[in-house]
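Asks: sequence and predicted structure, then a few things I'm wondering about:
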Amino acid sequence: MPTNFKRLEKKRLLFKSYSRFPLYPSHHPFLKKLDSYKPTSLFMNKMKELTVVDAECLNFADYGYYLMDAIQCQAFQGGDSNKEFMAFVDANVKDAKVKSYVTDSYIYDIVSKRGLDGNDELVDYYRKNVIDKKAMEKFDATCKQWEILRAGSPSPSFNAPDVNGKMVSLESLKGKYVYIDVWATWCGPCRGELPYMTKLEEQYAGNDIHFVGLSCDSNKSAWEKRIQKGDIKGIQLCIGPNSDFMQKYLVKGIPRFILLDREGRIVKANAPRPSDPKTSQLFEQLLEK
């Protein structure tokens, strides 16, 4: 085989063989059921040794996957993960091409899933460091889509049936805050949030908050059977898997929670889950107004 091919293949195989190594600090305590865990210096020194900044290796998918996990393994220290990521990359990734790659990989993933609110610093960092034109065009297009979902913007609407066939629109819910759960009966994480949703409804009963479930089930009968059990409260509607509402909100994964104000304007296009203590804190702040 050509000498250069063998040289590059040895590099690729190194990162492929160590692909799971950066995940050890998170997997080990989970499997051992430990409340806390700190990797030894032996592990961290090996981690640093393997975190090679080499633009030539960007041609290997194995290198890209490994590098992103390796950076996050070392950068995240329990504080603001975004600031920790940017500080680590600035200090350790000097090659412009590699810095462009890791910046795009990390920040595009966050913005495409969570939107622009609260991420202005990340967007600025992206524009300063990404030099790949195609990546920049894709990022700009995504930002443009999320721009209309900024806090304070009018919310996209919906008009969907409840289990009895009665149509309910977003406009009919004005006058109260609206906390929306986009979910499906087949989604495990969605089902896991339902008890917490019920607790929130009980906690804020009598307050100016509508709790709305928007099912994206393709099997409507499965949704109907689940609702007819009677243990899921709130306003339960079925919008189906291809609704205009989901497309405009860029819903790419569920459960997805959305919070609107009394006039139907967006408070958070990607709100915290019912199981997150931040949700009740947010409700308290809003209801004080």
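Replies: That came in fine, so what should we check first?
Asks: gap between Lys99 and His210?
Replies: As judged by C-beta to C-beta, to the nearest Å, Lys99 and His210 stand 46 Å apart. Any C-beta I mention is one placed from the backbone N, CA and C, and that applies to glycine too.
Asks: same deal with Leu14?
Replies: Distance from Leu14 to His210, by C-beta to C-beta: 55 Å.
Asks: quick one, which of these two is more surrounded?
Replies: Set Leu14 next to His210 and count neighbours by other C-beta atoms under 10 Å: His210 wins out with 20 against 17.
Asks: and Trp223, what are its phi and psi?
Replies: Main-chain torsions, Trp223, degrees, to the nearest 10: phi -60, psi -40.
Asks: residues in contact with it?
Replies: By C-beta atoms under 8 Å, 6 or more residues apart in numbering, the contact list for Trp223 reads 184-185, 215, 217, 238.
Asks: so which of these belong to strands?
Replies: 215, 238 (DSSP state E).
Asks: reformat the contacts of Trp223 as CSV; add pLDDT, distance to Lys134 and neighbour count.
Replies: Putting those into CSV (pLDDT from 0 to 100; distance: C-beta to C-beta, whole Å; neighbours: other C-beta atoms under 10 Å) gives the following:
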residue, pLDDT, distance to Lys134, neighbour count
Ala184, 97, 33, 20
Thr185, 96, 39, 16
Ser215, 97, 37, 28
Asp217, 95, 36, 19
Cys238, 97, 39, 19
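Asks: out of the contacts of Trp223, which comes closest to Ser19?
Replies: Top of the list for closeness to Ser19, among those and by C-beta to C-beta, is Ala184 at 31.7 Å.
Asks: quick one, what contacts the closest one?
Replies: Ala184 touches 190, 215-217, 223, 241, 254, counting by C-beta under 8 Å, 6+ apart.
Asks: which non-adjacent residue is nearest the most centrally placed residue in the chain?
Replies: Residue closest to the average C-alpha location in the chain (C-alpha atoms, centre = their mean): Lys113, at 4.6 Å. The shortest distance from Lys113 to any non-neighbouring residue, by C-beta to C-beta, 6 or more residues apart in numbering, is to Lys252 (6.6 Å).
Asks: I figured that neighbour hits Gly115, correct?
Replies: No. In this structure, Lys252 is not within contact of Gly115 by C-beta atoms under 8 Å, at 11.5 Å.
Asks: would you mind telling me which of the two has the busier surroundings?
Replies: Gly115 (23 against 9).
Asks: from Leu259, how far off is the more buried one?
Replies: For Gly115 relative to Leu259 (C-beta to C-beta), the value is 13 Å.
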